[in-house]
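J.: just a sequence and a predicted model for now, questions to come.
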Amino acid sequence: MFRLWRLGCRDEFRVTTAAETPRAAAGQLAQSEQIRRARLRVAESITDLIGDTPIVRLHTFEREVPGVEIWAKCEFMNPGGSVKDRAAYQMIRDAIRAKALISGKTIIDSTSGNTGVAYSLIGGALGYPVTLVMPANVSWARQQITRAFGTKLVFSDAMEGSDGAIVLCRKMVAENPDAYFYPDQYSNPSNPLAHYLGTGREIWEQTEGRVTHFVTGIGTSGTVMGTGRRLKEYRRDIEVWAVEPDDALHGLEGLKHMASSLVPAIYHPEELNGVIAMPTEEAWDVSDRLAKEEGLLVGHSSGGSLAGGMRIARKLAATHKPGVIVTLFPDRADRYFEAPVQKQQPPPSPGK
Ligand SMILES: Cc1ncc(COP(=O)(O)O)c(C=O)c1O
């Protein structure tokens, strides 16, 4: 019989053996044509292309853990280049429906970058101006990208990290509440809802219900909370693990060390199976391997998530247990490339 490989896998149209009957062959071909057409997406707006990202199998990592499958959800393939397109779009759509975002208001939020790119793209597509408050040391590339959409940037003290940006943003909104719509991604239930409605369902469908573990990094925690909730609704024994930096001073942009941070209101660690403390070096090493061995040039938080997944996979393999581990790659590495000229310029001062 024809055997179509899993939906979302790059080999999904590969025929492994000959069809037993012409009818079976015709049925399978019709199905593969449907899949092909589903992939040839035609959109009315760029926002229609948010979500429905592929999953990819990581064969070189699987070799280390016999009996365990390792997959990654390619969130860097969203139109804004990151997982944050999902949360930003859900928060903005829900606000428009609730009339909290009306014409003339500016979307404002604190963001370490990816959510800012997402707001900028969606604001551009829907016609709302965007102001972003970000730490002054956020990567040059992300400053350039957001500015290119016409977004206004306000810088908080680099030493205060993402929490400093949150505090400054709240102050600006309190001083001028009618001018702004403040989605507040750290407290907004639409953030995890985006992943409950999208990411979790997609992973379930893409693995044909075989997923046993979901492992991903935490920033606002929207991804892990929403995806985890949905997967556990499908099957209670699916394990959901968060990965956080092991230290307050870390090099995993986009991720939060909860013990030293303002804890997001949407974060409910009691719903998780556990939190893995990830050293920066371990995450960076895995990111390097992903580029060189799998051709995946992803950000360091992706390396951290996969490193967490591999720790679980090694434990399973050591006890000869099977598993289907799905991790998630939030963005690509090129978002963090530095312009050489930036090194000669002092960082922008807070509030400018
Ligand atoms: C690079 C990167 N990784 C991971 C995350 C974590 O996503 P979440 O905010 O849904 O926890 C973010 C969030 O901004 C991010 O930018």
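T.: Structure received.

J.: which strand or helix spans residue 327?
T.: Per DSSP states H and E, residue 327 falls inside strand 323-329.

J.: alpha carbons of that strand, as PDB, please.
T.: C-alpha atoms of strand 323-329 as PDB (Å, rounded to 0.1, in the frame of the first residue of the first chain):
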ATOM      1  CA  GLY A 323       8.200   8.700  23.500                       C
ATOM      2  CA  VAL A 324       7.100  11.400  21.000                       C
ATOM      3  CA  ILE A 325       8.700  14.700  22.200                       C
ATOM      4  CA  VAL A 326       7.600  17.900  20.600                       C
ATOM      5  CA  THR A 327       9.600  21.100  21.300                       C
ATOM      6  CA  LEU A 328       9.100  24.500  19.800                       C
ATOM      7  CA  PHE A 329      11.400  26.900  18.000                       C
END
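
J.: buried set for stretch 293-304?
T.: For stretch 293-304, the neighbour count (16 or more other C-beta atoms under 10 Å) marks 294, 296, 298-304 as buried. To be clear about C-beta, it is placed using only N, CA and C from the backbone, and glycine gets the same treatment.

J.: ok, now stretch 214-228?
T.: 214-228.

J.: that one and the ligand in contact?
T.: Yes - against the ligand, stretch 214-228 shows contacts by C-beta under 6 Å from any ligand atom at 217-223.

J.: nearest residue to residue 198 other than its sequence neighbours?
T.: residue 51 (4.4 Å; C-beta to C-beta, 6 or more residues apart in numbering).

J.: check contacts around the one you found.
T.: The neighbours of residue 51, taking C-beta atoms under 8 Å, 6 or more residues apart in numbering as the test, are 78, 85-86, 198-199, 202.

J.: closest residue of the stretch 51-200 of the chain to the ligand?
T.: residue 114 (3.7 Å; C-beta to the nearest ligand atom).

J.: on the three-state scheme, the closest residue to the ligand within the chain is what?
T.: Relative to the ligand, the nearest point of the chain is residue 254 (2.4 Å; C-beta to the nearest ligand atom). Of the three states, residue 254 takes coil under DSSP: H, G, I helix; E, B strand; the rest coil.

J.: before we move on, back to that, in helices, which of the buried residues of stretch 293-304 fall?
T.: 294, 300-304 (DSSP state H).

J.: and the residues you listed, which is closest to residue 278?
T.: residue 304 (4.6 Å; C-beta to C-beta).

J.: count the residues that sit near the residue nearest to the closest one when sequence neighbours are not counted.
T.: The shortest distance from residue 304 to any non-neighbouring residue, by C-beta to C-beta, 6+ apart, is to residue 283 (3.5 Å). Number of residues near residue 283 (other C-beta atoms under 10 Å) recorded here: 28.
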